[in-house]
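>>> coords below, sequence missing:
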């Protein structure tokens, strides 16, 4: 296993401006609508959208259990780059870093998500499934369908 095996890299194009896509990550009422995989109810319980600020998302699973995810914003360069830690709240063994890049592509946004520190191929695969589903929801949100 190499480090590249445990780095998740995803690219998407959204039919929205980089500002709109960026703001969907840092505005509580917007983030709450689309964050999390399909079928999972997520609540943004804390959002401090500044460098050094924290966030927490409570992911409610269908079996009634809850996964609290939290992190700290490291870089906020609207509308180009957003970098933050991501992990299970209170579990230092399940921490990673996400870097999002947003760039204009005509009237659309070229978007890249890079998640480092996932530790295993299985964890990387799990996060890829989760983010794939969440980014589909983000796309629908940006098109006004959520």
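Looks like it came in fine. On a predicted model such as this, the values are computed, not experimentally measured, just so you know.
>>> quick one: what helix or strand has residue 103 in it?
Element membership for residue 103 (DSSP states H and E) is strand 95-105.
>>> since we're on residue 42, how many residues are nearby?
20 (other CB atoms under 10 Å). Placement of C-beta: from N, CA and C, glycine included.
>>> just to revisit the earlier point, ok, the strand holding residue 103: who's next to it in the sheet?
strand 81-88 (antiparallel), strand 108-116 (antiparallel) (DSSP bridges).
>>> List of residues touching that strand?
13, 17-18, 21-22, 25, 71, 74-75, 79-88, 109-119, 127 (CB atoms under 8 Å, 6 or more residues apart in numbering).
>>> Output the below-cut-off pLDDT ranges for the protein.
1-3, 92-93 (pLDDT under 70).
>>> can you give me the strands for it?
8-14, 41-47, 54-60, 66-77, 81-88, 95-105, 108-116 (DSSP state E).
>>> any chance of those strands in a markdown table, with distance to residue 30 too?
Shown next, in a markdown table, are the strands of the chain (distance: least, CB to CB, whole Å):
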| stretch | distance to residue 30 |
| --- | --- |
| strand 8-14 | 13 |
| strand 41-47 | 9 |
| strand 54-60 | 13 |
| strand 66-77 | 15 |
| strand 81-88 | 13 |
| strand 95-105 | 14 |
| strand 108-116 | 15 |
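>>> How many neighbouring residues does residue 71 have?
Residue 71, neighbours per other CB under 10 Å, totals 19.
>>> State the distance from the closest residue to it other than its chain neighbours to residue 146.
Counting by CB to CB, 6 or more residues apart in numbering, residue 85 is the residue found nearest to residue 71 once chain neighbours are left out, at 3.8 Å. Applying CB to CB, to the nearest Å, the value for residue 85 to residue 146 is 26 Å.
>>> the more surrounded of the two?
The residue with more neighbours, out of residue 85 and residue 146, is residue 85; 16 against 12, by other CB under 10 Å.
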